[in-house]
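> sequence unknown, structure follows:
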């Protein structure tokens, strides 16, 4: 008897535009993921057995922690994962170690090992009802001892070791950070049982790592998550749409990918909006859905990512970014002082801070460009807001008006180009 195959129901929307949620597929991070996987397989020989992943909000730091945790679990590691967003990170690590230990099978005690018994139930004189579990590890309210004991217990039971991941490390108090550095330095250098560490932080943490007491974190493999490009965006959006049973117009997809910024979170937003505006998978993603998705994504990125970042910058930091943005997103460091016309007394330390915050990047020729924390379109948007509200004391009001402009006539717009003379790319009648 022939039974007709039931057509497979296409999955739901696979875009997940929420901070910390793992995407349907990870693009542009293969090199780092391979390095972390190699460190898990040979932790004593690989630099990435202690790694600090840094990037701006929306760069995918938590996603990388989730990915390395999945790799470690598959290799037989115990996972100790904590968030450092609030005080008490040491207590949370110890608490998490104890929770992980509760999942270990009972082990046979040896003469050299400490035995800990945990019980639940009711005891009355010599009578007791309940249950008891035993572990070959000691429970101590100390990160160093807790991690060492858990690693020993894991190896004794046939496991690979312990992976500890800490998110939001830039929020850790300096005293807690020093204590954490000392404990992690001790446990990560052990030969008996491996303890692998991967942390995630905003790039601002670089401003405090010069403290000699934090040398452990300085010696970690430091990985700055680079911005993704149009090829990454194409692979991610097209692959996710196809895997969800949808389709797209090729020109519409091209417009999506060339207009997306460098942050993975923005790619998630753009794909999600385009999918929903198109009514996919019943209808393909076309130009109308792309137009609406671009506008909605720009608005949400401004509210959730770029505006909060801009608000945290100092006046001098904003002035430097406005100067770079006004020069079409690229300027030689040697020209910066002349462009700013004295509005910033010493631009060099300001530039270093902005590089640490991933707002600027400098190449080997000392050309400054916008970093992954700010796309050019986003910087122009924030610049336009700043020029509307800043007083005459700022570079925006005092110096920008006197910069030599291109001035080339644009017949279609019936206006002249407002970009700085010698700019790259096409002329613009207004800063968008």
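Structure received. What you are looking at is a predicted structure, and each value in this text was computed from that prediction instead of being measured.
> show me what contacts residue 183?
Residues in contact with residue 183 (C-beta atoms under 8 Å, 6 or more residues apart in numbering) are 90, 142, 143, 144, 147. Backbone N, C-alpha and C define where each C-beta goes, glycine included.
> in which helix or strand would I find it?
Per DSSP states H and E: residue 183 is located in helix 174-188.
> buried set for that helix?
With burial defined by 16 or more other C-beta atoms under 10 Å, the residues of helix 174-188 counted as buried are 177, 178, 179, 180, 181, 183, 184, 185, 186, 187, 188.
> So the last one sits against residue 47, correct?
No: between residue 188 and residue 47 no contact is recorded; they are 11.7 Å apart, counting by C-beta atoms under 8 Å.
> distance of the spatially most central residue of the chain from residue 264?
Among the residues of the chain, the one closest to the centroid is residue 61, at 2.7 Å (C-alpha atoms, centre = their mean). Distance of residue 61 to residue 264, given as C-beta to C-beta, to the nearest Å: 10 Å.
> quick one: the strands in the stretch 201-350 of the chain?
Secondary structure of the stretch 201-350 of the chain (DSSP state E, counting those that start in this stretch): strands at 221-224, 330-332.
> Let's have those in a markdown table, adding distance to residue 378.
Formatted as a markdown table, the strands of the stretch 201-350 of the chain follow (distance: least, C-beta to C-beta, whole Å):
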| stretch | distance to residue 378 |
| --- | --- |
| strand 221-224 | 19 |
| strand 330-332 | 16 |
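> May I ask you to confirm that residue 280 is in contact with residue 241?
Yes: using C-beta under 8 Å, residue 280 is in contact with residue 241, at 6.9 Å.
> low pLDDT regions in the stretch 51-200 of the chain?
105-141 (pLDDT under 70).
> again, 50 this time
Residue ranges of the stretch 51-200 of the chain with pLDDT under 50: 106-113, 116-127, 138-139.
> residue ranges for the helices of it, please.
61-75, 89-101, 143-156, 174-188 (DSSP state H, counting those that start in this stretch).
> Redo the ones you listed as TSV? Include distance to residue 236.
Converted to TSV, these look like this (distance: least, C-beta to C-beta, whole Å):
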stretch	distance to residue 236
helix 61-75	12
helix 89-101	32
helix 143-156	35
helix 174-188	33
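> Tell me which residues are up against stretch 245-252.
Everything outside stretch 245-252 that qualifies as a contact, by C-beta under 8 Å, 6+ apart, is 10-11, 238, 241, 274-275, 278, 280-281, 284-287, 289-290.
> ditto for stretch 76-93
Contacts of stretch 76-93 (C-beta under 8 Å, 6+ apart): 40, 65, 69, 72-73, 96-97, 100, 104, 141, 143, 146-147, 150-151, 154, 158-169, 171-173, 176, 179-180, 183, 196.
> May I ask which of the contacts of residue 183 has the most neighbours?
Among the contacts of residue 183, residue 147 has the most neighbours (other C-beta atoms under 10 Å), with 26 neighbours.
> Tell me how far that residue lies from residue 176.
Distance from residue 147 to residue 176, by C-beta to C-beta: 16 Å.
> Kindly report the same for residue 276.
Distance from residue 276 to residue 176, by C-beta to C-beta: 42 Å.
> Pull out the buried residues from the contacts of stretch 245-252.
Here, 16+ other C-beta under 10 Å leaves 238, 241, 274, 275, 278, 280, 281, 284, 285, 286, 289, 290 buried among the contacts of stretch 245-252.
> Between which two of those is the distance greatest?
Taking C-beta to C-beta as the measure, the buried ones among the contacts of stretch 245-252 span a maximum distance of 16.3 Å, between 281 and 290.
> ok, for residue 238, nearest residue in space, not its chain neighbours?
residue 253 (6.0 Å; C-beta to C-beta, 6 or more residues apart in numbering).
> contacting residues around that neighbour?
Per C-beta under 8 Å, 6+ apart, neighbours of residue 253: 234, 237, 238, 285.
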